[in-house]
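Undergrad: Following is a predicted model, sequence given first.
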Amino acid sequence: MSLIVAAFGFGLVSMSIIAISAVGFTMQFGITNMINLAYGQVMIASAYAAYAVNNAGVSIWLSLPVGAIFGAVFSFLLNRLVYAPFQRKGTNLIGMVIISLAVSLVIANVMLPIVGYYSVSYHQNPGTTYHLGSIALTGEQILIIVLAVVVMLVIYALLRFTRLGKAMRATAANPTLARNCGIPTARVVDLAWLITGALCGLAGTVAGMNSDSFSVASGSEFLIPIIAASILGGAGSPYGAMIGAVLIGEMTEISAAIISPEYKQVVAFAVLVLVMVLRPQGLLAKRGALAAAG
Amino acid sequence: MPVGTDPVAVTPVAGQPAAAERPLLVASHVSRHFEGVRAVEDVSMDVLPGRITGLIGPNGAGKSTFLAVLAGTLPASSGTITFDGDDVTALPAFKRARRGLVRTFQLPSEFGQLTVLENLLSAAPNNRGDSLGGALLGKRYWKADEDRLVEQARILLDRFRMSAKESDYASSLSGGQKRLVEIMRALMLEPRLLLLDEPMSGVHPSIVGEIADYCEALRDEGLTILLVEHELHMIERMCNPVVVMAQGSVIGQGTMTALRQQREIVDAYLVG
Amino acid sequence: MTYYLTTVLVYAAVDILACLAISLQFGVSGIVNFSFIIFQAAGAYTAAVLSLPRDTANGGFQTYILGLNLSFPLPWIAATLVGALLAPPIGLVVLRRLRSDYQAIAMLVLSVIASLVVTNTPAFLGGAAGLSLVPQPLSDKFNPYSDGYLWAYTAGALVLAVVVFFIAQRIINSPYGRSLRALRENEVAAKALGKNAVALKMTVFVVGGAIAGLSGAILVGFITTWAPSTWLYPETLILFAAVIVGGRGNNFGAVLGALLVPVGFEEATRYLPPFGPPGLIPALEWVCIGGLILGFLWFRPRGVLPERRRVFAARPQPVVAGEPNAGRD
Amino acid sequence: MLASHHRVGRGVGVLFAMLTLALAACGSSTPGGSTSTSSLLIGVIAPFTGPDAALGPAYFAACLPAARAINNAGGVMGHKVSCQEFDTRGEPADAVPAAQQMVASHSNLMAVVGCTSDEAASVAPILNQAHIPMFCMTGQSEFNKTTFTYFHRLVPPDEFDAFAMVGSALDHFNYKKVALVFGNDIGSQAFVGPAMAALQGLGATVTINQAIALGQPSYRTEVTAMLATHPDVIFTEALGPTDATYMAEVKQLNNGVMLPFMGTSATIDPVWFSAVTGAIGVQTVVDKFTAVDLGVSFSGPGYTEFKTNLDAVASQFPTAPKYSQRGATLHLYDGIIQAALAMDETKSTDPTVYNTVIKDVGNGVAGATTVNTYAAGVAAIKNGQKVRWVGAGGLTNYNQYNNSQQGYILVRYDATGNEIKFGALTQAQTAAIIAAGGG
C-alpha cells in the first residue's frame, strides 16, 4: 500500500512534466491546426541547449530559461520556415502530420552527429528529500511541481483574461472569421508558436532534469505520453491536456507499482484506447478548439 | 412558438390539384441541441409531394441544421421523422439516401479530384461493381451496369448543359457549375425528395435563374423538393408553400404572398 | 551476386506490396494508417510461429506461442488472413468517428502500444529478442541457400506482387474504387449520397491488412528472423514517403515509389564512398529521407505519377464542338 | 493522359531497373575506391543508427587500429587493408540487405566484425554462405553450438556473464539478497533466466526481478519497489540513459546512500561510465559499483601495440581512444589480426583456405611462436614458423564451435573511467555456478 502511495507521489512529478509539454502540444494543434509530431525532438533539442549552458558552469535553474527560449525560437522558426509555407500552399491536415514526422526525422538525425549518441546529465543538486507519509520528493521535484502549477495558472490567465488569449481562442475557433473581425491572426499564430515553443523547451529541460540522464533518442520516448495525454483530454483543449496529463502520469506510476514496471505504459495506453472507443472526441471535446475557457 | 400545423392557406399552383395530399415527409417535434445551444427546437412540418417547399429564415435560424437532421447528417436530439410512411429517425444518412431522401450542401461539396462524370457516377446506386467483391470479379462483371449509368449520367449532363465539362476535375469548376454537379449527382440516386441547401448562394446571377428553371422542371416531372434559400424572389417564384424559421422554430407557413401580410414574420425576417 | 540481387528483388516485392496497400488506403481512400507496420508484423509473426517447430526445439533458446511446424503455403495463407482479421478491431477503435489527422496519431499510438506489448511479453512472440531460425518455405525439400531456391523465391515473391498489383488495379478502376475516392474527397457528402462510409473504409482496411500480412510473410520467410526492432513506427513513415514520392492513388506510382525510396534510395546510399566519423552517413540517410518527403510535398505534392484522370470513351455521336474544354485529355 | 501515364510508368521502371543493374555491376566489378582487388576490406556490420547506435562506433574503433597495424607492416601479402561501416540500424530486416550488399559489391572482403545480438541471427547465415570469416559480438545462446564454420566469437554467451556475476556476488562479497534490474531489450534480458537459476541453485535470494522499459523519464516507482525488498546488491544492465536514470533515483530515494550495484561486461564501457557518473557522481560509481569482465588485463605487449595504434587513428576517428578499455573493441581487433595472419600463413586470400587456420592462429598449434604484433607475426611466418596470436585481449581459446572464453575477472572503475581488476573467478568456482545455473 505504501508503495502505491509513493507511486502516487512520483506520479505528481510525472504529471507535472507531461502537463507542461502536453499543454504546449495541444495548443499548437488547437490554434494552428497543426499536429506537430516533431515536438518531442524540439523538446530534446532544447534540453541540449540548456545542457550546453549548464555544462559551461551555469546553474540548472538559470539554464532552464535558456531551454525555454531555445524552444520558443526553434518552434517559431520551424513554423515560419516549414509549416506555415506548406499550410499556405494548401497542404491538407494529413499532409501536415506527415511533414511534421519528416521534420522530426531530420532534427533527430542532424542532432546525432552534433551531440552524439551518448546520454548526458545536468549538473544539478536534487536537494533534500522531503517525506510526507510514504511520499518522498526531492526539493528539485517539488520545485518542478510548483513550476508546472504556475505554468498552468499562467496559461489559464492568458487564455481567460488577456486580449491575446481571446484572440487565440477566436483564431482557433475560426481563423477566417477572426481575421475579418480585425484580429491580426498572423501575429497571433506567431505568438502562439513562441508561447507553445517555450512550453516545449521548458518541458524538455525539466524532463531532462527529472530523468537525470537523457540522449537524442529520448525525444521519441517523451512524445508518446504527450500525445496520449492530449488525445485523452481531447485534442486542442489545454484543460483537457491537463486532465490527460494527470491521468497518464498517475496511471503509469501506479501501474508500475501494482502490476509490473514493463507494462506501465501499456496500462496507460489501454485506458487511452478505451477512451477512444467510448468517447472518441476525448474527455474534454474540442469545442472551437480552445473554447473550454469561456 | 411552433405553428407548423397551423392551417395557413395553401394556394394551389396553376395546373396542380389542391387535394389533401399525403405528405411525403413528416417532421414531428424535431429538436437538435449542440452542447446546450438549441439550434432546432420542436419543429413540426410536412413536405407535400410534387411541390417545391421553401424554407426561409434569417442566418442562424436553424434551417441548415434542420435539413441536416432530416437527411440524417446530424442525429435528432428528439422528435421523429417519417418518410413515405416509415419512421426513418434512427436511420443513418446513407440509408435515408438509399430510400430516396437526398440532400445537397450549403458549402460546395463536390468530389474535387473526381471528374464531373465520375461525380455523377459515384452517386449512382445499383452498380454491380460498387462493392469489393464486384470490383474483384473484374470489369466484365460490372461493365453493363457502368455503361448504363454512364448513359444515364450523360443524359443529365446534356440536360444541364454540362457535357463539355464531363472530363474536367470538379475542383476546377466555377461555383455555379459545382452547384449543378451537386444537383445532378443527387439526381443520379433518383431521389423522391431532394433537400437543396442554398443551391444559389455563391453562384453567378446568370446561373441563379437557370438553377430555378431546372428545379421547376424537375418538380413538374414529379420530384418533391425542399429548398433552403435566401433569394426571396426565387422562393416566391418557385415555392409553395414556404416555411419560415427563426431562432430554431417555425414561425409561419403559407404562400409567400400570405406570409408577407403577417406582421411578425415581416418583422422577424422579411424586412429586418 | 545472386544473393544480393535476389535480396533486392524480394525486398522490392515486399515494398511494392506494402506501398500498394498504403496507396489503396491512403491514396485512394484517404485513410492514414500510421499503424500499417503492425499489420506487416502480424503477418510475419504469424508465418513465423506457424512454420517454426515448438519453442522447446533448438535448445529452447527462444519462446513463442504455437510452433505448429506447418508446411508451406499454410503459414503464408494464415499470415494474409491474420493481417485481414486485425483490421476490424483496429478499424472499429479508430476509423469510426475521428477526424483524419486525429486518426493518424491515434494509429501511431496503437503502433507503439503493440510494440510495447510484444516486447514485454517474451512468452508470446519472443519478446525483444524476437524469433529467429524461422524455416524458409519448403526448406525441408530444397536447399534454401542454392541459387535455384533463391531465384524461385524471388520469382514467387514477384509473382505475388504482380497478382496483388492487378487486384489493386481492379479495385481502383472499379465503381467501388470510385466510391472510395469519393469518400476521400468528402466523407459527409458521400454519406449523403448513400455511401456506407464505415463499411467502405473497413473493407479497404481489411484488404490493406491482408496485403500487409502477406508482405510480412514473404519477408520473414526470406530473412528467417523477426523482432520488435523490425517494425518500429518509422518504418511506416518510409513507406508513406515512398507512396508520396511515387504518386498516391496510382498503383504505378506506388510501385515506382517502392522502387525509388525503400529500395532505390536506400540501396544507392550504400554505394556512397565512406566519409566522416562512423555513423555520419547513416544519420544523413535518415535526414535525406525526411528531406525527400518535404521536397516532394513542396515541389510535386502529387508524386511522380499522380492519380490519373479517368476519361470515359466518347459516346457514338459527340455532341460538343467548339467548346474550349471539349475533348481535353 | 491515361495512356501516356502508362508509358511514363514503364519508362521510369525500365530506366530504374537498368540503373540498379548498372549500380550493382559497378559495385561488383569496378573499383569504387575501396573495392580494388589490390586492397582488402574489413566490414563493420553493426548498428550505427537506431537505439543501439553506440555499438557500431565501438567496433569501428577495433577495425581502424587493426588496419593500421597491418598496413604499417606492409599489408597482407602486399594488400592494404581498409575498414567500412555497414549500418544495420539494429534490426534484422535492415541488416539483411546491408549484409547482402556488402557481400555482393565487395569481393575483397577478408573478414567481418560486429554482428551484435540485434542482427546476428539474420547476418551470420548470409556471411557463412558467402564464406566470409566473421567475429561476432552476439551473446545469444543459439550460437553456443553453431554449425556455421565461418562464425567466430571471442566473447562468451550472455549467460556466462550472469554466472560470473553470481560468482562474484556470492564468493567475493557474500551477498545473499540480490535484486535483478535489467532492461527489457534483447541483450539485457538474456542474463535474467540464468542468473535467477544460478542464484537460487546456490541458496541466495532474488528479492525482485524487474524488467524495465528503456529510456523512460523516470523509474521512481520501480526503485521504491526494489528498495522495499532490501537487497544487498543490484545486478543490472540497462543501456542508453536508463541505468543512469535508475541509479540516480536509487541514490535519491535511499537518502543519498547508493546500494552496491554490479554490472555485466557491457557496463564496462566509456559511454555507460560517462552516463552513470554524470547522474550519480564519479565517487559513488568508484565506491559502489563492480562488474564482471572478460579476462582482459589491459597490459602486456599485445595491448600496448593495440593502444598505440588506437591512439594513432584518432586523426581519422577522434573518439576512438575512448575505447581503449572496451573488451569488445580489443577482441575484435584480435580477430582481425588473426584473420590477417591466417592469410599470411596460408598465403591465400581465399577464405575457404584461410578460415580454418584462424582457429590455429588463435589457439596456437604445437611449436607455434607467440606473437603480439602483426609485424612480428609476418616476420615469423616468413621464417617458416607457425604463429600464435596473443593480442590486446590476451589468450584465445576457440572450442569446436569457434567460441572462445577466457574466464572472468572482477573489476571496478577508477575515477578516470579505467577499469581496475580486483579479483578473478577460479575454474572450480565457475564450474559450480554454471552447473547450478544449468548452463
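TA: Ah, there it is. Numbering: from 1, shown residues only, chains lettered A, B, ... in the order given.

Undergrad: The closest residue in space to residue A:243 that isn't next to it in sequence: how many residues sit nearby?
TA: In this structure, residue A:243 finds its nearest non-sequential neighbour in residue A:233, 4.9 Å apart by CB to CB, 6 or more residues apart in numbering or on different chains. C-betas here are computed from N, CA, C, even on glycine. Counted by other CB atoms under 10 Å in any protein chain shown, the residues lying close to residue A:233 total 31.

Undergrad: again, but for residue B:261
TA: Using other CB under 10 Å, residue B:261 has 10 neighbouring residues.

Undergrad: Where does pLDDT dip in chain D?
TA: Residue ranges of chain D with pLDDT under 70: D:1-37, D:51, D:186-187, D:427, D:437-439.

Undergrad: Quick one: the strands in the chain, in order.
TA: Picking chain A for this. Ranges of strands in chain A, per DSSP state E, are A:129-132, A:135-138.

Undergrad: I was after chain D.
TA: Using DSSP E, strands in chain D cover D:39-46, D:80-87, D:109-114, D:134-136, D:151-152, D:177-183, D:205-212, D:233-237, D:261-263, D:289-294, D:369-371, D:387-389, D:408-413, D:419-424.

Undergrad: Show me what the last one packs onto, helices and strands only.
TA: Right, strand D:419-424. Strand D:419-424 makes packing contacts with strand D:289-294, strand D:408-413 when contacts are defined by 3 or more CB pairs under 8 Å, 6 or more residues apart in numbering or on different chains; DSSP states H and E.

Undergrad: Let me know which of these is tucked in deepest.
TA: strand D:289-294 (a mean of 25; mean count of other CB atoms under 10 Å in any protein chain shown).

Undergrad: That strand pairs with which strands?
TA: If you go by DSSP bridges, strand D:289-294 pairs up with strand D:261-263 (parallel), strand D:408-413 (antiparallel).

Undergrad: so what's residue D:190 closest to, chain neighbours aside?
TA: Nearest non-adjacent residue to residue D:190, counting by CB to CB, 6+ apart: residue D:158, 3.8 Å away.

Undergrad: since we're on the one you found, how many residues are nearby?
TA: Using other CB under 10 Å: residue D:158 sits among 27 other residues.

Undergrad: List the residues that contact it.
TA: For residue D:158, the contact set (CB atoms under 8 Å, 6 or more residues apart in numbering or on different chains) comprises D:117, D:139-141, D:187, D:190-191, D:194, D:264.

Undergrad: Which positions in the stretch 51-200 of chain C make contact with chain B?
TA: C:167, C:170-171, C:173-179, C:181-182, C:184-186, C:188-197 (CB under 8 Å from any CB of the partner chain).

Undergrad: Mind doing that once more with 7 Å?
TA: C:167, C:170-171, C:174-179, C:181-182, C:185-186, C:188-189, C:191-196 (CB under 7 Å from any CB of the partner chain).

Undergrad: The closest residue to residue D:410 other than its chain neighbours: how many residues sit nearby?
TA: Computed as CB to CB, 6+ apart, the closest residue to residue D:410 that is not its neighbour in sequence is residue D:423, at 4.0 Å. Applying other CB under 10 Å, we find 17 residues neighbouring residue D:423.

Undergrad: The top helix by length along chain A near chain C anywhere?
TA: The residue-count maximum for a helix in chain A (DSSP state H) belongs to helix A:2-32. No. Counting by CB under 7 Å from any CB, chain C has no neighbours in helix A:2-32; the shortest distance is 8.7 Å.

Undergrad: Quick check: buried residues in that helix?
TA: Neighbour counts over helix A:2-32 (16 or more other CB atoms under 10 Å in any protein chain shown) mark A:3-4, A:6-32 as buried.

Undergrad: tell me, which of the residues you listed make contact with chain D?
TA: By CB under 7 Å from any CB, the members of those lying near chain D are A:3, A:6-7, A:10, A:14, A:17.

Undergrad: Now do the helices in chain C.
TA: Counting by DSSP H, the helices of chain C are C:2-22, C:36-51, C:74-94, C:100-120, C:122-125, C:147-172, C:175-185, C:187-192, C:197-223, C:233-246, C:251-258, C:266-269, C:280-299.

Undergrad: For chain A, what is the nearest residue in the stretch 51-200 of chain D?
TA: residue D:53 (4.5 Å; CB to the nearest CB).

Undergrad: Distance-wise, check that residue relative to residue C:206.
TA: For residue D:53, the distance to residue C:206 equals 37 Å [CB to CB, to the nearest Å].

Undergrad: the more surrounded of the two?
TA: Neighbour comparison, residue D:53 and residue C:206: the larger count goes to residue D:53, with 25 against 18 (by other CB under 10 Å).

Undergrad: does the worst-scoring helix or strand of chain C on mean pLDDT come close to chain A?
TA: Using mean pLDDT, DSSP states H and E, the weakest-scoring helix or strand in chain C turns out to be helix C:266-269, at a mean of 75. No. Judged by CB under 7 Å from any CB, helix C:266-269 stays clear of chain A, getting no closer than 13.0 Å.

Undergrad: Identify each buried residue in that helix, please.
TA: C:266-267.

Undergrad: now whichever strand or helix holds residue B:252: mean pLDDT?
TA: According to DSSP states H and E, residue B:252 maps onto strand B:249-254. When pLDDT is averaged over strand B:249-254, the result is 86.

Undergrad: go on, stretch C:13-30?
TA: Mean predicted confidence for stretch C:13-30 is 93.

Undergrad: how long is it from one end to the other?
TA: 24 Å (CA to CA, to the nearest Å).

Undergrad: how distant is it from the center of its chain?
TA: Taking CA atoms, centre = their mean, to the nearest Å, the mean C-alpha location of stretch C:13-30 is offset from the chain mean by 6 Å.

Undergrad: Apart from its neighbours in sequence, what residue is nearest residue 74?
TA: Answering for chain A, as no chain was given. residue A:42 (5.5 Å).

Undergrad: Let me rephrase: I mean chain C.
TA: With sequence-adjacent residues excluded and distances taken as CB to CB, 6+ apart, residue C:74 is closest to residue C:50, at 6.5 Å.

Undergrad: and what of residue C:106?
TA: Counting by CB to CB, 6+ apart, residue C:106 lies nearest to residue C:94, which is 5.1 Å off, once chain neighbours are set aside.

Undergrad: Next: residue D:144.
TA: Nearest-residue entry for residue D:144: residue D:157, 5.4 Å, with adjacent residues in sequence omitted and distances by CB to CB, 6+ apart.

Undergrad: is it true that that neighbour touches residue D:139?
TA: Yes. Taking CB atoms under 7 Å as the definition, residue D:157 is a contact partner of residue D:139 at 5.2 Å.

Undergrad: Which single residue of chain C ends up nearest chain D?
TA: For chain C, CB to the nearest CB, closest residue to chain D: residue C:4, 3.0 Å.

Undergrad: quick one, what contacts that residue?
TA: D:24, D:100-101, D:103-104 (CB atoms under 7 Å, 6 or more residues apart in numbering or on different chains).

Undergrad: The residue nearest to it when sequence neighbours are not counted: neighbour count?
TA: In this structure, residue C:4 finds its nearest non-sequential neighbour in residue D:104, 3.0 Å apart by CB to CB, 6+ apart. Using other CB under 10 Å, residue D:104 is surrounded by 20 other residues.

Undergrad: residues touching residue D:76, list them.
TA: Contacts for residue D:76 (CB under 7 Å, 6+ apart) come out as D:40, D:70, D:340, D:343-344.

Undergrad: what does the stretch 151-294 of chain A put close to chain C?
TA: Within reach of chain C by CB under 7 Å from any CB, the stretch 151-294 of chain A has these residues: A:224, A:227-228, A:231, A:235, A:262-263, A:265-266, A:269, A:272-273, A:276-277, A:280.

Undergrad: Tell me how far residue B:214 lies from residue A:270.
TA: From residue B:214 over to residue A:270 the distance is 55 Å, taken as CB to CB.

Undergrad: And those two? Which one has more around it.
TA: residue B:214 (19 against 15).

Undergrad: doesn't residue B:244 fall inside a strand?
TA: Yes. Counting by DSSP: H, G, I helix; E, B strand; the rest coil, residue B:244 is located in a strand.
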